[in-house]
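[1] Please work out how this folds:
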Amino acid sequence: MSQTITDLFPTRVEGRESVIPRTGPIVHNTTGPMTAAEVEHMESKGYVQFADLVTRDEVQQMRDELARLSQDPQVLADERTVTEAKSREVRSIFEIHNSNELFGSIARDPRVVDRARQVLGSDVYIHQSRVNFKPAFTGKDFSWHSDFETWHAEDGMPTPRAVSISISMTDNYTFNGPLLIMPGSHREYISCVGSTPDDNYKNSLVMQGAGTPDGPILTEFADKYGIDVMTGKAGGATMFDANCMHASNGNITPYSRSNLFLVFNSVENIPVAPFSAKQPRPQFVAERNPTPIV
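    A predicted model of the protein is given here:
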């Protein structure tokens, strides 16, 4: 049951944007499938990449299933499916770990879950899942933001003790809209200005609006931390901290980019009432009845 707790990361307030330093460990357990070098990179940079996390056969199975889903009338009509604002092509399908057996099995696979457990130092549950499409020529960009800012403001996630794992179903080049991360930015939280519109998720899932830092502070962060480009072959994965400042460019190339996106939250970081919204986002966007993955 949700309860009110102290807001350690206020955001969407009046006045000016501010930066709140983050203390404490990023990786809570050094024992697990991740190497010492991977643990250090996650701790210092806020992300780590894994080559060949899933097999080529599994990649092909996911691609085939993704193609089927994108043409399924029932899927297209489902509220969990988000389409591009202009082209109406599928952009994301949410809660995929519950609605689809294949993607659900990958989401609960020890190769994935054990890495999340190691970083978070506890049992975990899936706060959010989705498959993302960035089709050739028409895939749109996504503005700079911290996922935790949204999960805190609109879902009531108390602290950034959560990680995202993006598993690539296509090759990620520098030019087809890959994930961009400001390495080290996970150590500083940007408190944004403004308020959360009613049913903000309907717009934010298509284009981030509320909770997006302004240009000057993003420039400061970019000058301080730089920008890393998450390239890699299909079957690889990127794990990154909930508070990493990240974005992605549009895709005007002939090469599509698709991924399975999984958010794991610690069972010791259960969401409460939203900190900066009137009501929580729907269950398919943010799980509010967490069940630890066994």
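[2] need the strands for this structure, in chain order.
    18-21, 47-50, 81-83, 90-94, 124-134, 142-146, 162-168, 179-181, 188-191, 228-229, 237-241, 245-248, 257-266 (DSSP state E).
[3] And the fourth one, what does it pack against?
    Counting contacts by 3 or more C-beta pairs under 8 Å, 6 or more residues apart in numbering; DSSP states H and E, the secondary-structure elements packed against strand 90-94 are helix 56-71, helix 73-77, strand 81-83, strand 124-134. To be clear about C-beta, it is placed using only N, CA and C from the backbone, and glycine gets the same treatment.
[4] which stretch among those comes nearest Trp144?
    Comparison of these against Trp144 by C-beta to C-beta identifies strand 124-134 as nearest, at 16.7 Å.
[5] Return the distance of Met34 relative to Phe240.
    To Phe240, Met34 is 13 Å away according to C-beta to C-beta, to the nearest Å.
[6] Mutual contacts of those two, please.
    Common contact partners of Met34 and Phe240 (C-beta atoms under 8 Å, 6 or more residues apart in numbering): Val48.
[7] how about the strands of the chain in JSON lines, adding mean pLDDT and distance to Pro280?
    Converted to JSON lines, the strands of the chain look like this (pLDDT from 0 to 100; distance: least, C-beta to C-beta, whole Å):
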{"stretch": "strand 18-21", "mean pLDDT": "97", "distance to Pro280": "23"}
{"stretch": "strand 47-50", "mean pLDDT": "98", "distance to Pro280": "27"}
{"stretch": "strand 81-83", "mean pLDDT": "88", "distance to Pro280": "18"}
{"stretch": "strand 90-94", "mean pLDDT": "91", "distance to Pro280": "15"}
{"stretch": "strand 124-134", "mean pLDDT": "96", "distance to Pro280": "12"}
{"stretch": "strand 142-146", "mean pLDDT": "94", "distance to Pro280": "19"}
{"stretch": "strand 162-168", "mean pLDDT": "98", "distance to Pro280": "16"}
{"stretch": "strand 179-181", "mean pLDDT": "98", "distance to Pro280": "26"}
{"stretch": "strand 188-191", "mean pLDDT": "98", "distance to Pro280": "20"}
{"stretch": "strand 228-229", "mean pLDDT": "98", "distance to Pro280": "32"}
{"stretch": "strand 237-241", "mean pLDDT": "98", "distance to Pro280": "23"}
{"stretch": "strand 245-248", "mean pLDDT": "97", "distance to Pro280": "23"}
{"stretch": "strand 257-266", "mean pLDDT": "97", "distance to Pro280": "14"}
